[in-house]
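>>> Quick one: sequence and predicted model below, then my questions.
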Amino acid sequence: MKKTDIKIVDIKKSFDGVDVLKNINLEIKDGEFFSILGPSGCGKTTLLRMIAGFIAPDSGAIYLGDENIVDLAPNKRNVNTIFQKYALFPHLTVYENVAFPLRLKKIDEKTIDSEVKKFIELVDLKEHMNKKPNQLSGGQQQRVSIARALINKPGVLLLDEPLSALDAKLRQNLLIELDNIHDEVGITFIFITHDQQEALSISDRIAVMNKGEVLQVGTPAEVYEAPADTFVADFIGENNFFDGVVTEIFDETYGRIETEKLGNLVFELDKVVKVGDKIRVSIRPEKIRVSKQIPTGLSDKHNTLKVYVDELIYSGFQSKYFVWVDGDKNLLFKAFKQHAVYFDEDDNDTIHWNEDAYISWHADDSFLVEVI
Ligand SMILES: Nc1ncnc2c1ncn2[C@@H]1O[C@H](COP(=O)(O)OP(=O)(O)OP(=O)(O)O)[C@@H](O)[C@H]1O
Ligand SMILES: [Mg+2]
């Protein structure tokens, strides 16, 4: 193992009799941008604080390189943490905030000066060096925290939702900057977020957590395209699900299922199933085609359903259709189109709200989520 590889082995933690972390196992490689993604309360912060040393596990081990660090004090671990709140010293300038960790180490003034300037430059705050935190924007304050955490040259940087207090645009910018900083310093980043877009766009790998468990670890494309179960499929991106019984397997990679209310549908065999199994299949909204007329010329691997357009939401770069099958509100499908809807009354192909339409998709675009 490399000096800053992290290996989390059988970690368990309960608070007041409630299991908050249930047997967590993870391996994070040296230099990775690794995200931990999951809904509020699933145990992300607890796990991160355990790596930092602020919380002890009930059992299990955390290896940093070859050393089990669970009994080491936080300041003896080669890690540093950035929290959601900036936690800067209000009475100190940007320069002095960043210099603080080095002053504690009693390093000579000349080295401090050159290091502080280097890290202030890294986070692009040169012009704000002499300001106090209350004279900075939220994004700038968080950049001070990043510089201050990096100046100690930790092997691993732990980031607990560092962008969540910022507005959407700033978050986007700082996310790109974080990515650049990561490339530049080359150390391991463990980044916590409950924002799936953030995790998908920045991570080398993502661990998806729910209720104290890791459900899947994979690259952004893996967790999006091949979700391990219904929770992951639903939590990351948007999805439509349908359940049914496998009635036929054909052409080796395709199956047919009989659903209770949607008739027979074709799907791609991503997992091993047999005739008679009850399964759940998903199709992402952006993979569905909506048309006013019944689609023609489709292959036997396509599915087509007649629907009723309940809602049609124009949102600039895409339009969202919320449609029902068979007049049944419970059979809702979401379909996204990658361009604007033009409301041309005379056009036969224009899909209107409160009208019938058709949705269709190819079996290759669906995904067999799990046997249920
Ligand atoms: N010190 C504590 N005492 C009791 N319960 C705790 C303590 N710390 C955390 N918990 C509980 O453990 C669970 C996980 O908390 P944690 O802060 O790890 O969640 P999280 O995934 O970081 O959520 P969020 O996205 O809201 O920050 C929650 O139900 C929380 O109430
Ligand atoms: Mg948290």
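Perfect, I can see it now. Worth saying up front: this structure is predicted, and the values here are computed from it rather than measured. Ligands and ions are numbered 1, 2, ... in the order given.
>>> C-alpha only now, for contacts and for neighbours.
Will do.
>>> looking at it, residue 99 is touching residue 147, isn't it?
No: assessed by C-alpha atoms under 8 Å, residue 99 is found out of contact with residue 147, at 9.4 Å.
>>> out of these two, which sits in the busier spot?
Neighbour count, other C-alpha atoms under 10 Å: between residue 99 and residue 147, residue 147 has more, with 27 against 24.
>>> before we move on, what SS does the closest residue to the more buried one other than its chain neighbours have?
Closest residue to residue 147 apart from its sequence neighbours, by C-alpha to C-alpha, 6 or more residues apart in numbering: residue 119 at 5.4 Å. At residue 119 the chain is in helix, as set by DSSP: H, G, I helix; E, B strand; the rest coil.
>>> Got the confidence number for residue 119?
Model confidence at residue 119, given as pLDDT, is 92.
>>> ok, now which ones touch it?
When contacts are counted by C-alpha atoms under 8 Å, 6 or more residues apart in numbering, residue 119 is found next to 98, 147, 148, 150, 151.
>>> ditto for residue 29
Taking C-alpha under 8 Å, 6+ apart as the criterion, residue 29 is in contact with 4, 5, 6, 188.
>>> Pull the most distant pair out of the residues you listed.
Greatest spacing in the contacts of residue 29, by C-alpha to C-alpha: 6 and 188 (9.3 Å).
>>> what do these two both touch?
With C-alpha under 8 Å, 6+ apart, residue 6 and residue 188 have common neighbours 29, 30.
>>> before we move on, back to that, keep only those of the contacts of residue 29 that are also close to ligand 1.
When C-alpha under 6 Å from any ligand atom is applied, no member of the contacts of residue 29 is adjacent to ligand 1.
>>> Can you classify residue 273 as helix, strand or coil?
Once three-state DSSP is applied, residue 273 turns out coil.
>>> contacting residues for it?
246, 371.
>>> gap between it and ligand 1?
Per C-alpha to the nearest ligand atom, to the nearest Å, residue 273 is found 34 Å from ligand 1.
>>> and the closest residue in space to residue 58 that isn't next to it in sequence, what are its bridge partners?
In space, and not counting its chain neighbours, residue 58 is closest to residue 13: 5.1 Å by C-alpha to C-alpha, 6+ apart. As for beta bridges, residue 13 partners with residue 21 under DSSP bridges.
>>> Settle this for me: residue 13 is touching residue 59, isn't it.
Yes: using C-alpha under 8 Å, residue 13 makes contact with residue 59 at a distance of 7.2 Å.
>>> between those two, which one's more packed in?
With neighbours defined as other C-alpha under 10 Å, residue 13 and residue 59 compare such that residue 13 has more, 23 against 12.
>>> Now do the more buried one against residue 23, distance only.
Residue 13 is 8 Å from residue 23, where distance means C-alpha to C-alpha, to the nearest Å.
>>> So which other helices or strands are in contact with the helix or strand hosting residue 23?
Element membership of residue 23, judged by DSSP states H and E, is strand 18-28. For strand 18-28, the packing partners by 3 or more C-alpha pairs under 8 Å, 6 or more residues apart in numbering; DSSP states H and E come out as strand 6-15, strand 213-218.
>>> wait, does stretch 224-236 contact ligand 1?
No: Stretch 224-236 lies out of reach of ligand 1 by C-alpha under 6 Å from any ligand atom, never closer than 13.6 Å.
>>> and the protein, which residues reach ligand 1?
So far as C-alpha under 6 Å from any ligand atom goes, the chain lies against ligand 1 at 15, 20, 39, 40, 41, 42, 43, 44, 45, 46, 194.
>>> Only whichever of these are buried, select them in PyMOL.
Here is the PyMOL command that picks out the buried ones among the residues of the chain next to ligand 1, judged by 16 or more other C-alpha atoms under 10 Å:
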select buried, resi 20+39+42+43+44+45+46+194
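>>> From the residues of the chain next to ligand 1, pick the one nearest residue 88.
residue 45 (19.8 Å).
>>> Distance of the residue nearest to the closest one when sequence neighbours are not counted relative to residue 171?
In this structure, residue 45 finds its nearest non-sequential neighbour in residue 160, 6.7 Å apart by C-alpha to C-alpha, 6+ apart. Relative to residue 171, residue 160 is positioned 14 Å away (C-alpha to C-alpha).
>>> And these two? Which one has more around it.
residue 160 (21 against 17).
>>> Could you point out the bridge partners of that one in the sheet?
Residues in beta-bridge contact with residue 160 (DSSP bridges): residue 192.
>>> Isn't it up against residue 194?
No: in this structure, residue 160 is not within contact of residue 194 by C-alpha under 8 Å, at 10.1 Å.
>>> which SS class is the residue nearest to residue 165 when sequence neighbours are not counted?
Spatial nearest neighbour of residue 165, chain neighbours left out: residue 84 (6.9 Å); criterion: C-alpha to C-alpha, 6+ apart. Classification of residue 84 using three-state DSSP returns coil.
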